[in-house]
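[1] okay, here's the prediction I keep looking at, along with the sequence it came from:
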Amino acid sequence: MTVRIALLTYSTKPRGGVVHTLALAEALAARGEDVHVWTLSRGGDTAFFRPVDPRVQVHTVPFGDRPDEEVGQRIVRSIETLRSAFSPDGYDVVHAQDCISANAAFPCVRTIHHLDTFTTPQLAACHERAVVEPTARICVSGAVAQEVRDGWGLVPTVIPNGVDAARFAAASHDVSGREHWRSRLGTYVLALGGIEPRKGSIDLLEAMSKVQAHRPGLRLVFAGGETLFDYRDYRQAFERRAAELRVDLEVIGVVPDPELPSLVAEAATLGFVSTKEGFGLAAMEALAAGVPVVARDLPVLREVFGDTVVYATNATAIAAGIINQLEIPIHPGLGQELAAGYTWDAAAAAHQQFYAAHLAAG
């Protein structure tokens, strides 16, 4: 029997949870489910950052920018706006992918990608409710599920991410796409995501000042961005430190989705030094493209990546890891084999089993 599923996310932009939502929706639809994705469309967007399989019905809820709005106010308005537009009527499963959409959709299932500690009261309350109040929980790694058990005594179901390994593997052979980035950026270490505390951006900056002393001409490139949170102070500290260290740096912002795989494939190394992660999808995509990865030494990343990446705990170790991966990289076949084992079809099949059990339990 076909199940009617609503997947909810907070943005149309290419953040990890949004990428997960779309890929899961498409895989579920390919398996015959009736899937609807609901999202807030920020910054005047009327669609997601990439085309979505037409078998998935997309519902975008306009959310206008207010430049002077504080973070707490933006969180509250985001929840209220999505709640006023979304109705659970007619859906068998309502599945939220983040704390904002969960707070807008209770009662719902929720995927907890990773846990954070917030100081903004509204955001801290949003985070707490989105852990405690869902009717059931999924985590994309055992390490995060253990954090939920330790912190709240709740027992999530673990369903790992998928990865579009074939797409990123093909990019390693995209001569023109890689040449485009090489001619624009030279030789570079890549970081994906915004310049923000959770991404460890300043640690990577500090590390690259040491690497560039050893390997002049190697550039640090940040691609991506878009967050609800206000990291202006951190960004200013990052820019001051970059100037002090004279790091060869380029921040290119959000990259069109068709160009992302070749950008990743051309990187000399991916610096993946987040202080918190749920799975590490960007690093898995890099491995699929044959790119060596230096990752923060976190339990979740050791669980997911095993011996396919180099681990580091601080800027000095990150620098040493990058130099090692440049000079004697881990054999790319190990990472490519790992990435190929995580498919969205397998993730969708596990979600179908989860939904069936959840519905049977009433």
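    Thanks, I have it.
[2] low-confidence ranges in the stretch 101-250 of the chain?
    In the predicted model, the stretch 101-250 of the chain carries pLDDT under 70 at residues 226-230.
[3] what ranges does it have for its strands?
    Remark: strands assigned in the stretch 101-250 of the chain by DSSP state E, counting those that start in this stretch are 109-112, 136-139, 157-158, 187-192, 218-223, 249-253.
[4] make a markdown table from the ones you listed and add mean neighbour count to it.
    To be clear about C-beta, it is placed using only N, CA and C from the backbone, and glycine gets the same treatment. Converted to a markdown table, the strands of the stretch 101-250 of the chain look like this (neighbours: other Cβ atoms under 10 Å):
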| stretch | mean neighbour count |
| --- | --- |
| strand 109-112 | 26 |
| strand 136-139 | 22 |
| strand 157-158 | 16 |
| strand 187-192 | 23 |
| strand 218-223 | 22 |
| strand 249-253 | 15 |
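[5] for the ones you listed, give me a markdown table that also has distance to Arg198.
    Formatted as a markdown table, the strands of the stretch 101-250 of the chain follow (distance: least, Cβ to Cβ, whole Å):
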| stretch | distance to Arg198 |
| --- | --- |
| strand 109-112 | 15 |
| strand 136-139 | 17 |
| strand 157-158 | 22 |
| strand 187-192 | 12 |
| strand 218-223 | 14 |
| strand 249-253 | 17 |
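[6] of all the ones you listed, which one is nearest Ala283?
    For those, proximity to Ala283 was assessed by Cβ to Cβ; strand 187-192 is nearest, at 8.8 Å.
[7] only alpha carbons, please: show that closest one as PDB.
    Taking Å, rounded to 0.1, in the frame of the first residue of the first chain, the C-alpha atoms of strand 187-192 are listed here in PDB:
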ATOM      1  CA  THR A 187      45.600  24.300  -6.700                       C
ATOM      2  CA  TYR A 188      43.300  24.400  -3.600                       C
ATOM      3  CA  VAL A 189      42.200  22.800  -0.400                       C
ATOM      4  CA  LEU A 190      38.400  23.000  -0.300                       C
ATOM      5  CA  ALA A 191      36.000  23.600   2.600                       C
ATOM      6  CA  LEU A 192      32.300  23.200   2.000                       C
END
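[8] that strand: partners in the sheet, and parallel or antiparallel?
    strand 218-223 (parallel), strand 269-272 (parallel) (DSSP bridges).
[9] residues touching the nearest residue to Glu133 once chain neighbours are set aside, list them.
    Leaving aside its chain neighbours, Glu133 sits nearest to Phe106 (5.6 Å; criterion: Cβ to Cβ, 6 or more residues apart in numbering). Listed by Cβ atoms under 8 Å, 6 or more residues apart in numbering, the contact set of Phe106 reads 129, 133-134.
[10] hmm, which of the residues you listed are the buried ones?
    With neighbours counted using 16 or more other Cβ atoms under 10 Å, the contacts of Phe106 contain these buried positions: 129, 134.
[11] JSON lines for the contacts of Phe106, including distance to Leu298?
    Listed next are those as JSON lines, based on distance: Cβ to Cβ, whole Å:
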{"residue": "Arg129", "distance to Leu298": "26"}
{"residue": "Glu133", "distance to Leu298": "27"}
{"residue": "Pro134", "distance to Leu298": "24"}
